[in-house]
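# Fold the following for me, if possible:
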Amino acid sequence: MSLLSALSVSASGLTAQRTRAEVLVENLANAETTRTPEGGPYRRKDVIFASQPQGSPFSAVFQQEMGAFSTGVQVQEVFQDMRDPEKRYLPGHPDADEKGYVGFPRMNPAEDMVDLMGATRAFHANVAAMTAVKDMIQRSIDLLR
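You can find the predicted model right below:
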């Protein structure tokens, strides 16, 4: 794997983890949202990753001949939880049904916080990998002087 391919792989990881963090923050912000424009409570979202070949069109022929493909990551789908909402008995709430129950998003904010910390650590790991590759490129340039 070339150094530029390593940068491409880490860049795809940065993009994927940023998207994951944005979705998790949206979940946390809407943990108590009982009414959305679509109707009903907010529905928890989750990101599904998939592998993705990395490289430029120019290097694709070379990589194919050498059998040296690098694989990154991409967001394949943002999955929306379609389970029934959690019902809480709050008869005075404006969104209560005729029996006094209000539908709340089915989510665990503590679980989403742990997932957000994991996404943050994965993001920082990709930054560290990119920094290491940048340092290797810089040292190679210095050696060629």
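# what residue is smack in the middle of the chain?
Against the mean C-alpha coordinate of the chain, by C-alpha atoms, centre = their mean, the closest residue is residue 20 at 1.9 Å.
# What strand or helix carries that one?
If you go by DSSP states H and E, residue 20 is part of helix 3-29.
# Residue 88 belongs to a strand?
Yes: if the criterion is DSSP: H, G, I helix; E, B strand; the rest coil, then residue 88 is within a strand.
# Provide a list of residues in contact with it.
Contact criterion C-beta atoms under 8 Å, 6 or more residues apart in numbering gives 101-102, 104 as the residues in contact with residue 88. The way it works is simple: take the backbone N, C-alpha and C, and place the C-beta from them, glycine included.
# Of those, which is the nearest to residue 8?
The shortest distance between residue 8 and any of the contacts of residue 88, using C-beta to C-beta, involves residue 104 and amounts to 41.9 Å.
# Give me the phi and psi for that closest one.
Listed backbone geometry of residue 104 is phi -110, psi 160, with angles given as degrees, to the nearest 10.
# My guess is it contacts residue 85. True?
Yes: shown here, residue 104 and residue 85 form a contact pair, counting by C-beta atoms under 8 Å, at 5.9 Å.
# Low-confidence stretches in the protein?
Counting by pLDDT under 70, the chain has low-confidence residues at 1, 54-69.
# what are the ranges of the strands in it?
For the chain, the strands defined by DSSP state E occupy 45-54, 70-80, 86-89, 101-104.
# just those: most buried one?
When you average the neighbours per residue for each of the strands of the chain (mean count of other C-beta atoms under 10 Å), strand 101-104 leads with a mean of 18.
# Starting from that strand, tell me which strands it pairs with and how they run.
strand 86-89 (antiparallel) (DSSP bridges).
# Just want to check the distance between the closest residue to residue 32 other than its chain neighbours and residue 18.
Nearest residue to residue 32, sequence neighbours excluded (C-beta to C-beta, 6 or more residues apart in numbering): residue 104, at 6.7 Å. Counting by C-beta to C-beta, to the nearest Å, the gap between residue 104 and residue 18 amounts to 28 Å.
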